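Asks: starting from these lines, generate the structure:
(3 chains)
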Amino acid sequence: MQFSVRSFPRAILHVDGDAFFASCEVARNPRLRGKPVVTGKERNIAASMSYEAKRRGVTRGMPIGEIRRVCPDAVILPSDYETYSLYSRRMYEIVRRFTPTIEEYSIDECFADLTGLRRLHKTSYENIAAAIKKELARDLGMTFSVGLGPNKVIAKVASKFAKPDGFTIIPAKKIHRFLADLPVGKIWGIGGSTSAYLNKLGVITALDFASKDRLWIEQSRFSKPYREIWQELRGDFVLELELSPRRDIGSIIKSRTFTPPTADRAFVFSQLSKNIENACIRAREHGMRAKVVAFYLRTSEFSHKGLELCLAVPLAVPTEIIKIVGNNFDKVYRSTIRYRATGVVLSSLVASGAATLDLFGETGRIEGMRTVFDTIDMLDRRYGKHTVFVGSSAVAMAEPQHTGERASIPDRRRHLFKGESKRQHLNIPFLGKVK
DNA sequence: TCTGGGGTCCTAGGACCC
DNA sequence: TCTGGGGTCCTAGGACCC
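Replies: Numbers count the residues shown, from 1 in each chain, chains lettered A, B, ... in the order given. Presented below is the predicted three-dimensional model:
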């Protein structure tokens, strides 16, 4: 078989969190270290378990009752996706210290392209990969299995080769050694149906597949994804990384014009609230919080007037920002002037990760809100934006004739925040009660 | 009105992933 | 190996138009 001559025509890294959810729980609460930890209590089945729990016989999907039987001292916790996604963002940020070319593949995995970075870091690809792995463990308090290969498929083989805490380098010339004993169905992208078909054709191991020639592949009528996997198993680089945008943007602007112009204070403020909400969604998408908030009102004569506010604590929580802006709104608003637009600028953004290294020491109230809005972000991703929205934006959401939005408002748009009282219990129909 | 090739768009279903 | 829900990608086929 003819594999690539060079070891790393491209140097692709795959990083895979070990027992990620359980590891996040341990990282957050060091007293759990060394104990059998299981998450998934809210669904009554194990979603993720520490290696201590795995050694005691706990498996994915095992009912809680059975877990207690096989491992009576298991620490069983409900899933806390807000925390897991926070650790996930931190993971990406650490990898980004070494390369901007990263694909955020899933909550506990990413790919990174190290090609061309030997000069910058003045060392080999292997040493760069080792340094990334070391910083991940040091800064996150959990282990990762890391694989380096000439493409994504081989990098995946490498990271799976030794788990947990694995570190596997597969230069193109050594690929065949790693594929010889690997069942073809273990390859990323080859599932049960295709491996059954391959087995019928006499292809049992990944090496069997990689050794087939192009004519055989064409005659066997494989679709594009399988032809690409076959190429990558031979050492070619085919599957591009789907690059995830950097999160450290400088500022976020949200503005909206409405017609006709109006002097209605409540309406203008609700428009501004809606912009703040949208800007905060953006900030949280990027894992950032603002230290400075500016808002402005544009008059029907196209002049505009605004105010810049410095926050004591970096925020990406709309209710807090809306409250602060509300306290300063009348410094800008005049009841005799008709307005045609509002806008908000969030600037001096800081990464939530950096700003929250002392995350669990922050004030309870804001921390509670952060959890609420992480949950809302999750619902937005799942059910579409503005499934839930804050009370002061309700007028803006419900008046399509002013904003040009479609008139129909889906049933699941529930008004969850009554007024601006501080602590609410949100009745989110899909999740039950969320605090 | 018919024949026919070729393009675009949409949908359904299969396969696979986390 | 199974559980389960949600999402993406690809392909094939149908409808439609020129």
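
Asks: the closest residue to DNA strand B within the stretch 1-150 of chain A and DNA strand C, how far apart?
Replies: DNA strand B sits closest to A:Ser106 of the stretch 1-150 of chain A, with a gap of 3.0 Å, by Cβ to the nearest atom of the strand. (Glycine included, C-beta is placed from N, CA and C.) As for A:Ser106, its distance to DNA strand C is 9 Å (criterion: Cβ to the nearest atom of the strand, to the nearest Å).

Asks: who's that residue bridged to?
Replies: Assessed by DSSP bridges, A:Ser106 has beta-bridge partners A:Glu109.

Asks: burial of it, as a residue count?
Replies: Neighbourhood size, A:Ser106 [other Cβ atoms under 10 Å]: 11.

Asks: and A:Gly235, by the same measure?
Replies: 29.

Asks: now do A:Pro78
Replies: 10.

Asks: let me see the backbone angles for it.
Replies: phi -70, psi 150 (degrees, to the nearest 10).

Asks: and what of A:Leu13?
Replies: phi -110, psi 140.

Asks: per-residue pLDDT, it?
Replies: Note on A:Leu13: pLDDT of 98.

Asks: hmm, it is touching A:Lys152, no?
Replies: No - in this structure A:Leu13 lies outside contact range of A:Lys152 using Cβ atoms under 8 Å: 9.7 Å.

Asks: overlap in contacts of those two?
Replies: Shared contacts of A:Leu13 and A:Lys152 (Cβ atoms under 8 Å, 6 or more residues apart in numbering): A:Phe111.

Asks: show me which residues of chain A sit near DNA strand C.
Replies: Counting by Cβ under 7 Å from any atom of the strand, chain A comes close to DNA strand C at A:Ile45, A:Thr59, A:Arg60, A:Gly61, A:Gly192, A:Ser223, A:Lys224, A:Pro225, A:Glu242, A:Arg381, A:Arg382.

Asks: select from those residues the one having the most neighbours.
Replies: A:Ile45 leads those on contacts (other Cβ under 10 Å) with 15 neighbours.

Asks: show residues contacting stretch A:322-334.
Replies: A:265, A:268-269, A:272-273, A:276-277, A:293, A:295-297, A:305-307, A:309, A:311, A:344, A:390, A:392, A:420.

Asks: per-residue confidence at the residue in chain A that DNA strand C sits nearest to?
Replies: The minimum distance from chain A to DNA strand C, using Cβ to the nearest atom of the strand, falls at A:Gly61 (2.2 Å). In this model, A:Gly61 is scored at 92, pLDDT.

Asks: residue contacts, whichever residue of chain A sits closest to DNA strand B?
Replies: Nearest residue of chain A to DNA strand B: A:Gly191, at 2.3 Å (Cβ to the nearest atom of the strand). By Cβ under 8 Å, 6+ apart, A:Gly191 lies in contact with A:Gly185.

Asks: next: A:Ile217.
Replies: Residues near A:Ile217 by Cβ under 8 Å, 6+ apart: A:Tyr226, A:Arg227, A:Trp230.

Asks: got the residues you listed as TSV, with distance to A:Glu218 columns?
Replies: Putting these into TSV (distance: Cβ to Cβ, whole Å) gives the following:
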residue	distance to A:Glu218
A:Tyr226	11
A:Arg227	8
A:Trp230	11
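
Asks: in helices, which of those appear?
Replies: Judged by DSSP state H, the contacts of A:Ile217 include A:Tyr226, A:Arg227, A:Trp230 as members of helices.

Asks: would you turn the residues you listed into a markdown table with pLDDT and distance to A:Phe8?
Replies: Putting the ones in helices among the contacts of A:Ile217 into a markdown table (pLDDT from 0 to 100; distance: Cβ to Cβ, whole Å) gives the following:
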| residue | pLDDT | distance to A:Phe8 |
| --- | --- | --- |
| A:Tyr226 | 96 | 24 |
| A:Arg227 | 95 | 23 |
| A:Trp230 | 97 | 20 |
